[in-house]
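Enquirer: sequence plus predicted model, see below.
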Amino acid sequence: MTAYLVDSDRNVVMAGPAMMRWDRAPPIASGSVLVRGFGTPTYSHYTPFDADGFRIERGGESVFVALRVAQEVGEHSARLIDRDTGVSTTIAGTVSYASRDRNEWPPYLAPERFHVAVRPFSRDHLADVREDLETLVCAALETGRPVELSDRFG
């Protein structure tokens, strides 16, 4: 299972699948989504989300965390509202994602509502890993040498 950030109205995945953070105890899948700035001095940056929610961090602290978010886009900022509690915060820029339709304008969409969805990994997400493992096992069988795992894997 992993976390995705989803445009609630279009049902389009804005960001994900999230990557595992092994430095957390217990490990947790974390991702990030674009906060698109409106030019200098406001710059675009990425903000994190995980299974616990989408969050805005300032000075190393989470100042806003929500699983379901409404976004009211202003001229140079956006107001983010937790759709479950009503708590809000204002950010410079807007939470955005790239349009899949190259003919669509603007190329970056700013959803009015989005949410964190925990879903299973898609079959394709692990295709490269499966291919690498298949190559490793085939080589071990052909050479007669066992696959050895480091102590880290027990």
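Expert: Nice, I can see it.
Enquirer: by contact count, what packs against the helix or strand of the chain with the lowest mean pLDDT?
Expert: The weakest-scoring helix or strand in the chain, judged by mean pLDDT, DSSP states H and E, is strand 19-21 (a mean of 76). Packing partners of strand 19-21 (3 or more CB pairs under 8 Å, 6 or more residues apart in numbering; DSSP states H and E): strand 28-36. In short, each C-beta sits where N, CA and C put it, glycine included.
Enquirer: so where's this protein uncertain?
Expert: 40-41, 121-128, 149-154 (pLDDT under 70).
Enquirer: pick out the residue nearest the middle of it.
Expert: The structure's the chain has its C-alpha centroid closest to Gly31; by CA atoms, centre = their mean the separation is 3.1 Å.
Enquirer: which residue, other than its chain neighbours, is closest to that residue?
Expert: Nearest residue to Gly31, sequence neighbours excluded (CB to CB, 6 or more residues apart in numbering): Ala18, at 3.4 Å.
Enquirer: rewinding a little: in the least confident helix or strand of the chain, which residues are buried?
Expert: By 16 or more other CB atoms under 10 Å, strand 19-21 has no buried positions at all.
Enquirer: where does Asp84 sit: helix, strand or coil?
Expert: Judged by DSSP: H, G, I helix; E, B strand; the rest coil, the three-state class of Asp84 is coil.
Enquirer: I'd guessed Ala3 sits against His115; true?
Expert: No: counting by CB atoms under 8 Å, Ala3 stays clear of His115, with 10.5 Å between them.
Enquirer: so for these two, which sits in the more crowded spot?
Expert: Ala3 (24 against 20; other CB atoms under 10 Å).
Enquirer: how far out from the middle of the chain is whichever strand or helix holds that one?
Expert: In this structure, Ala3 sits in strand 2-7 according to DSSP states H and E. Distance of strand 2-7 from its chain centroid, counting by CA atoms, centre = their mean, to the nearest Å, is 6 Å.
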